[in-house]
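[1] Sequence and predicted structure below; questions after.
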Amino acid sequence: MKDPERHIDINKLMACSGVQFGTSGARGLVTAMTDEVCYSYTLAFLHHLRDTQQIQPHSAVAIAGDLRASTMRILNAVAAAISNSGYKVIHCGQIPAPALACYGFDHSIPSLMVTGSHIPDDRNGIKFNTPKGEILKTDEAGIRNQSVAIPAGLFTPQGTFTDSDYFIPDVSNNAYDQYLHRYLSFFPENCLHGTSLGLYQHSSVGRDIFFDVITRLGAEVIPLGFSDAFVSVDTEAIRDEDVTLAKQWATEGQYDAIISADGDADRPLISDEHGTWVRGDIAGILTARFLNAQVVVTPVSSNTAVEKSGLFKRVERTKIGSPFVIAAMLAAASTSEDSVVGYEANGGFLTATDITRGGMTLKALATRDAIIVPLCILMLCLEQHKPISKLVSELPNRFTASNRIKDFPSERSKARISTLIWGNRDQNIDAIEAIFHRYFGSVSQIDATDGVRITFSNGEIAHLRPSGNAPEFRCYNEADSPERAQEMNDICMNIISSWT
């Protein structure tokens, strides 16, 4: 008798498909993310939730996606796996990843966001959220170890659905409306009146809701740079053309700020009044300051001005990636009554505890969010009667620059890092100084928390690491002037380029 189903081992599927976990869910080339692969990943996530008693029979599962070309096809495969498993699909439409997560957390249901965030349009991904939060590394291991059953005849040998069934239900606007209300109910009515903003829309899925929130709070908002085609905007490695555009728009429009976000709107961009983009880790400090945070959790790559500012009771450092920031935030929140927030160098901001200000409470949202950043910074400007450039200049003079080498295989970048941290401290310093001493001087400290972060005797920093989301080699530099930070970054990028 013919077997009515096939069994797929997820660990093996990861190895053969090239669709693997990074720091923000499963990602891969669109050509590798076939209907069958995406269906299998979704089944594995649901099985893990079932095994850990995080989902009940016939539960609802929320889904949403970004605006890239492949998203709706992948979303259809996700919806098929959910409905075929006996769960109810709630389609929240094309909305920001934090809006979907917020809806899922508030309703205690899992959610899946189809997005590749900032990576190019030829790639995509799926972000998984449990009913209580983003998947952590323990959840990831549980998903990896699943074996899922695929009904016979559901897919062609190429991994596409054999029938052209459409599994996605009509859009529910509840998640959009709830996210809108989250900020309209926390910030005072008409609080941004008199503020003029440019909204760089490009292909961010947050472009509509950003406009809605900010205009309803009283600001004048001018849409800029709309694109029907997907634009890969990386808030941590800002493109030269986006630097030029912001300067041009600021000159033409005399805005208080220009704001934007990446593809799934969980990482913000905000410029000062001159069109100079504010680094994400500097924006994080200003946001935490407005919220009167006491404990700040941030990855090891973030600017050290957070400690040097003296604004916060405690600063904790983690590996790079929201799962590590979230785990540390939740641990900090569980051991004290302090207000706990987190941010990443890419600008994504997280809250582990409810924040009360002016008699209004913003509920905790332990996932990267973008829109909270410009709202808080603009409010801080109004309260301090200072433009953004002044708020930034008042922080300690520590400046960062970052960039990436694309199409740098992860295995090769990890191998290169291992040659710098293979031995004892003296051996590692010798290996590093053999490459960098002529440019930056002697080494005073090495941190291997994530990649290798090198502090030189003059206080300058070079941090090298493989990307967790794509075949890229990233470099972060920090110095006492923006010019020197950029000069260091250019030097490091030339060195890394020679390793390809």
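    Looks like it arrived, so ask away.

[2] Going by C-alpha atoms from here, please, whenever you check contacts or count neighbours.
    OK.

[3] How about Ile259: what's its closest non-neighbour residue?
    Nearest non-adjacent residue to Ile259, counting by CA to CA, 6 or more residues apart in numbering: Ile270, 4.4 Å away.

[4] Enumerate every residue touching the one you found.
    Ala257, Ile258, Ile259, Ser260, Trp277, Val278, Ala283, Pro374 (CA atoms under 8 Å, 6 or more residues apart in numbering).

[5] Which of the three states applies to it?
    Secondary structure for Ile270, judged by DSSP: H, G, I helix; E, B strand; the rest coil, is strand.

[6] now it: how far from Ile238?
    Distance, Ile270 to Ile238, by CA to CA, to the nearest Å: 12 Å.

[7] which regions of the stretch 51-200 of the chain lie under the pLDDT threshold?
    By pLDDT under 70, the stretch 51-200 of the chain has no low-scoring segment.

[8] where do the helices sit along it?
    For the stretch 51-200 of the chain, the helices defined by DSSP state H, counting those that start in this stretch cover 71-84, 97-107, 137-144, 174-184.

[9] nearest to Gly159, of those?
    Set against Gly159 and scored by CA to CA, those come closest in helix 71-84, at 10.8 Å.

[10] which helices and strands sit right next to that closest one?
    helix 35-51, strand 60-65, strand 88-91, strand 111-114 (3 or more CA pairs under 8 Å, 6 or more residues apart in numbering; DSSP states H and E).

[11] so which of the ones you listed is the most packed in?
    Highest mean neighbour count of the helices and strands packed on helix 71-84: strand 111-114, a mean of 28 (counted as mean count of other CA atoms under 10 Å).

[12] For Asn11, give me its contacts.
    Going by CA under 8 Å, 6+ apart, the list of residues near Asn11 reads Arg144, Asn145, Gln146.

[13] likewise Val452?
    Ile417, Leu420, Ile421, Ile446, His463, Leu464, Arg465.

[14] Do you have the strands of the stretch 401-500 of the chain handy? List them.
    443-447, 452-456, 461-466, 473-479 (DSSP state E, counting those that start in this stretch).

[15] Let me have those strands in JSON lines, extended by distance to Ala246 and mean pLDDT.
    As requested, the strands of the stretch 401-500 of the chain are exported to JSON lines (distance: least, CA to CA, whole Å; pLDDT from 0 to 100):
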{"stretch": "strand 443-447", "distance to Ala246": "35", "mean pLDDT": "95"}
{"stretch": "strand 452-456", "distance to Ala246": "31", "mean pLDDT": "96"}
{"stretch": "strand 461-466", "distance to Ala246": "27", "mean pLDDT": "94"}
{"stretch": "strand 473-479", "distance to Ala246": "22", "mean pLDDT": "93"}
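
[16] Identify whichever of those strands lies nearest to Gly359.
    That would be strand 473-479 among the strands of the stretch 401-500 of the chain, by CA to CA, at 38.4 Å.

[17] Which secondary structure elements does that closest one sit against?
    strand 399-405, strand 461-466, helix 482-498.

[18] which of these sits most buried?
    strand 461-466 (a mean of 24).

[19] That one vs strand 399-405, what angle?
    Interaxial angle, strand 461-466 versus strand 399-405 (axes from the mean of the first three to the mean of the last three CA atoms, to 10 degrees): 30 degrees.

[20] Does anything pack onto strand 461-466? Which helices or strands?
    helix 410-418, strand 452-456, strand 473-479, helix 482-498.

[21] Show me how far the last one is from its chain's centre.
    For helix 482-498, the separation from the chain centroid amounts to 24 Å (computed by CA atoms, centre = their mean, to the nearest Å).

[22] circling back to that earlier point, relative to Ile435, which of the helices of the stretch 51-200 of the chain is closest?
    That would be helix 137-144 among the helices of the stretch 51-200 of the chain, by CA to CA, at 33.9 Å.

[23] Pull the distance from that closest one to the chain's centre.
    For helix 137-144, the distance to the chain centre is 19 Å (CA atoms, centre = their mean).

[24] Use 55 as the first number for this chain going forward.
    New numbering, starting at 55: the last item is helix 191-198.

[25] now the stretch 405-554 of the chain, which segments are flagged as low pLDDT?
    Using pLDDT under 70, the stretch 405-554 of the chain drops low at 522-523.

[26] And the helices and strands packed on strand 527-533: which comes nearest Ile508?
    strand 515-520 (5.2 Å).

[27] partners of that closest one, with directions?
    strand 506-510 (antiparallel), strand 527-533 (antiparallel) (DSSP bridges).

[28] Tell me the buried residues within the contacts of Asn65.
    Arg198, Gln200 (16 or more other CA atoms under 10 Å).

[29] Go through the contacts of Asn65 and name the one nearest Ala485.
    Arg198 (35.9 Å).

[30] My guess is the closest one contacts Ala69. True?
    No - if you go by CA atoms under 8 Å, Arg198 and Ala69 don't touch, sitting 10.8 Å apart.

[31] shared neighbours, the two?
    Common neighbours of Arg198 and Ala69 (CA under 8 Å, 6+ apart) do not exist.
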